[in-house]
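Q: build the 3D model from these lines:
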Amino acid sequence: MKKIVSLFCMTLLSLFFVACSTKQDTDLKTVEKVDLQRYLGDWYEIARYEHKFQKDCKNVKANYSLRDDKKIQVVNSCTKISTNEFKDAKAVAYNVDETNSKLKVSFFRPFYGDYWILDLDKDYKYAIIGTPSKEYLWILSREKTMNQDLLNKLLEKITNMGFDKSKLIYTVQD
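A: Sure thing, here's the model as predicted:
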């Protein structure tokens with residue numbers, strides 16, 4: 001009986017590790033290289049896929065800064081539409097490889113999520129951020145608003161990447 005219970009536990013443990021380590025297949029490509037020094041600073045959210053952690057948010061902004069340990073300090077902030085209350089959340093991020101285009105971000109350690117820079121303006125004025133699962137998507141800008149022609153161009157890009165632009169929530173920035 002002891003052997004059966006041990007074997008059962010080992011099988012469950014093995015399945016757990018296999019499930020947690022399964023590599024996600026994706027056709028999503030990131031930008032070739034990101035200069036982190038140029039990427040740091042404030043980014044305003046133009047549009048996003050809605051998720052519970054950003055529900056009821058306007059004036060959404062992210063600030064990225066480099067920590068002494070070379071990781072990235074992330075501070076996301078917004079104003080709750082229903083209460084006009086300011087909220088912020090702090091996270092830490094690190095680069096997965098030397099391109100700096102694939103980051104892992106954690107608001108609740110030890111859990112990290114993907115943050116992939118899918119498109120980036122040559123002057124670092126806008127960025128498209130997503131995840132390989134295509135569950136998360138953000139369009140960010142250095143300015144609170146974006147020219148409609150540029151936004152249309154970015155919407156076409158995300159469609160070509162396989163994202164559903166009809167799922168986007170356009171962020172109020174006032």
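Q: list of residues touching the host helix or strand of I117?
A: Using DSSP states H and E, the secondary-structure element containing I117 is strand 111-120. With contact meaning C-beta atoms under 8 Å, 6 or more residues apart in numbering, strand 111-120 is reached by 28-31, 34, 39, 93, 100-106, 126-133, 136, 154, 157-158, 161. Just so you know, the C-beta spots here come from the backbone N, C-alpha and C atoms, and that holds for glycine as well.
Q: in strands, which of those fall?
A: Judged by DSSP state E, the contacts of strand 111-120 include 93, 102-106, 126-130 as members of strands.
Q: widest-spaced pair of those?
A: With distance counted by C-beta to C-beta, no two of these lie farther apart than S106 and Y126, which are 25.0 Å apart.
Q: so what's the residue nearest the centre of the chain bridging to?
A: Among the residues of the chain, the smallest C-alpha distance to the mean C-alpha position (C-alpha atoms, centre = their mean) belongs to Y115, namely 3.8 Å. As for beta bridges, Y115 partners with L103 under DSSP bridges.
Q: and it, what's its pLDDT?
A: Reading off the confidence values, Y115 has pLDDT 97.
Q: what of the one 10 residues further on?
A: pLDDT, the model's per-residue confidence, is 98 for K125.
Q: in this protein, which spans are helices?
A: Per DSSP state H, the chain has helices spanning 2-21, 36-39, 148-160. These are given in chain order.
Q: what's the least confident stretch among those?
A: For those, the stretch scoring lowest in mean pLDDT is helix 2-21; its value is a mean of 33.
Q: higher neighbour count, S106 and Y126?
A: The residue with more neighbours, out of S106 and Y126, is Y126; 22 against 15, by other C-beta atoms under 10 Å.
Q: so what's that one up against?
A: Neighbouring residues of Y126 by C-beta under 8 Å, 6+ apart: 46, 119-120, 139-142, 146, 150, 154.
Q: got JSON lines for those, with distance to K87 and neighbour count too?
A: As requested, the contacts of Y126 are exported to JSON lines (distance: C-beta to C-beta, whole Å; neighbours: other C-beta atoms under 10 Å):
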{"residue": "I46", "distance to K87": "19", "neighbour count": "24"}
{"residue": "D119", "distance to K87": "28", "neighbour count": "18"}
{"residue": "L120", "distance to K87": "27", "neighbour count": "22"}
{"residue": "I139", "distance to K87": "21", "neighbour count": "26"}
{"residue": "L140", "distance to K87": "18", "neighbour count": "23"}
{"residue": "S141", "distance to K87": "21", "neighbour count": "22"}
{"residue": "R142", "distance to K87": "22", "neighbour count": "15"}
{"residue": "M146", "distance to K87": "23", "neighbour count": "21"}
{"residue": "L150", "distance to K87": "28", "neighbour count": "15"}
{"residue": "L154", "distance to K87": "26", "neighbour count": "21"}
